[in-house]
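Trainee: With the sequence up front, the predicted model follows.
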Amino acid sequence: MTAIVEFDPIGAESIKGALGPDSAVLPGLDALYSHLDVNVFEDCVVLGPSVDQQDVFALAEDMRLRRPSLGVVMVRRRIDTAILSDALRAGVREVVQERDLAGLATAVRRQREIAARLREQVERPEGSEPVTKGGRVITVFSAKGGCGKTTLATNVAAALADAGKGSVALLDLDLSFGDVAIALQLFPSHTIADAVPIGEDLDGPALLSLLTSHRSGLQALVAPMEPSLADSIDNALVVRVIDLLKDEFDYVIIDTPPALDDNVLAAFDRSDVVALLATLDIPALKNLKLTLETLELIGFPRDRLKIVLNRSDSKVGLALSEVEKTLKTAIVAQIPSSRDVPASTNRGVAIVSDEPRNPVSLAIRKFIDEYVVAAGDDAIPAQMRTDRRTPRRWRR
Ligand SMILES: Nc1ncnc2c1ncn2[C@@H]1O[C@H](COP(=O)(O)OP(=O)(O)O)[C@@H](O)[C@H]1O
Ligand SMILES: [Mg+2]
């Protein structure tokens, strides 16, 4: 449907006439905001000439972040280049002249098409079904190395597997220097590089044969043993691997390299949650801010980004509130610093499994309960647990 706001009844009727039965006139902007809150799949809104221009701009600016797929169309009595450029800067997608009703119908049709495509690709309003069918995908990223990506990714995967929350796959996308295998003391007989010769024939069963089991029950697809093999793995293969893992597992946790490359962006596109890691040092925060700005530019839905502060108790003179102000984003989770983390990494165990009461383990579990586990999926009967550790295909 397309929602229309126009205070002049005759103008409202003519807009509705141009857009047909799949449109409705709402009494004002408050009604429009409520309508958008309830109708999470509304694709397009039309603001008539009587709606204050600044109100239209404010709506467009607000929606650009909250609902990047929503097309805001503005109808004006007179159009000049100043209005056009201000409107586009605010995020209004189209400005149409009042009498150009055919142009308005075309603009709305175009916006609805774009919205449908964008929504398919990326948007998943919180609490609803995922974009595509299959398991939940959680990607852990930071543009700087050493922030704790591998620590968080391996521990989230191990904690989910330990808790019997479902079948869990862990994918190491740090193709050159991935250390998931070392962090979990795995002895893989295959790596993602073994998918290369399989090429087009790579399907679910073939992929499952490349995974390495960890004692928690999680299944890992580890990075190549030699950094030089990373070049043989192209983006199409990475995309295929993620999609197949999503088909086969309830949870797919993805560890990443410290760079926003094509593989990482493909992982983001398929993720329900992207955990962006930060530490309290200026280089890490600068990189995080740049990452946020880049993701905003490409219209990545903000509600899927969760900022996690690692070593949050470091006494380094940076206040949390200052950091949030700089990032213009809330920090949703804080993981304290602990010597037990490198100690467990060195022993090749996940701290969540080895020391479940450690404050680091508690913080990671809290993050999982609040942001990783699908809504309504927290009560799995104990007798189902072993069952849910098996990939879907193997379950009866
Ligand atoms: N909360 C923490 N407290 C103490 N040490 C940590 C913590 N998180 C990570 N580390 C240590 O920091 C180092 C880098 O972590 P890692 O997860 O490998 O980072 P990344 O994957 O981002 O490069 C590792 O030695 C790890 O044990
Ligand atoms: Mg790492």
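Mentor: Received, thanks. Ligands and ions are numbered 1, 2, ... in the order given.
Trainee: So which residues of the stretch 151-300 of the chain form helices?
Mentor: With DSSP state H, counting those that start in this stretch, the ranges of helices along the stretch 151-300 of the chain come out as 180-183, 204-208, 235-248, 262-269, 282-297.
Trainee: again, but for the stretch 1-150 of the chain
Mentor: Going by DSSP H, counting those that start in this stretch, the stretch 1-150 of the chain shows helices at 9-19, 29-38, 53-66, 81-90, 101-121, 149-162.
Trainee: Minimum distance to ligand 1: which of those has it?
Mentor: With Cβ to the nearest ligand atom as the criterion, ligand 1 lies closest to helix 149-162 of the helices of the stretch 1-150 of the chain, at 3.4 Å. Placement of C-beta: from N, CA and C, glycine included.
Trainee: Next, format the helices of the stretch 151-300 of the chain as CSV and append mean neighbour count and distance to Pro356.
Mentor: Output for the helices of the stretch 151-300 of the chain, formatted as CSV (neighbours: other Cβ atoms under 10 Å; distance: least, Cβ to Cβ, whole Å):
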stretch, mean neighbour count, distance to Pro356
helix 180-183, 20, 18
helix 204-208, 16, 29
helix 235-248, 20, 26
helix 262-269, 20, 28
helix 282-297, 16, 28
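Trainee: can you list those in CSV and add mean pLDDT and distance to ligand 2?
Mentor: Shown next, in CSV, are those (pLDDT from 0 to 100; distance: least, Cβ to the ion, whole Å):
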stretch, mean pLDDT, distance to ligand 2
helix 180-183, 96, 8
helix 204-208, 86, 22
helix 235-248, 95, 17
helix 262-269, 95, 13
helix 282-297, 90, 14
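Trainee: And those helices: which comes nearest Phe7?
Mentor: helix 282-297 (32.8 Å; Cβ to Cβ).
Trainee: From the contact counts, what lies against that closest one?
Mentor: Using 3 or more Cβ pairs under 8 Å, 6 or more residues apart in numbering; DSSP states H and E as the contact definition, the elements that helix 282-297 packs against are strand 273-278, strand 305-310, helix 320-327.
Trainee: So which of these is the most surrounded?
Mentor: Neighbour counts (mean count of other Cβ atoms under 10 Å) averaged over each of the helices and strands packed on helix 282-297 peak at strand 273-278, with a mean of 24.
Trainee: and it, anywhere near ligand 1?
Mentor: No - judged by Cβ under 6 Å from any ligand atom, strand 273-278 and ligand 1 are separated, with a smallest distance of 6.6 Å.
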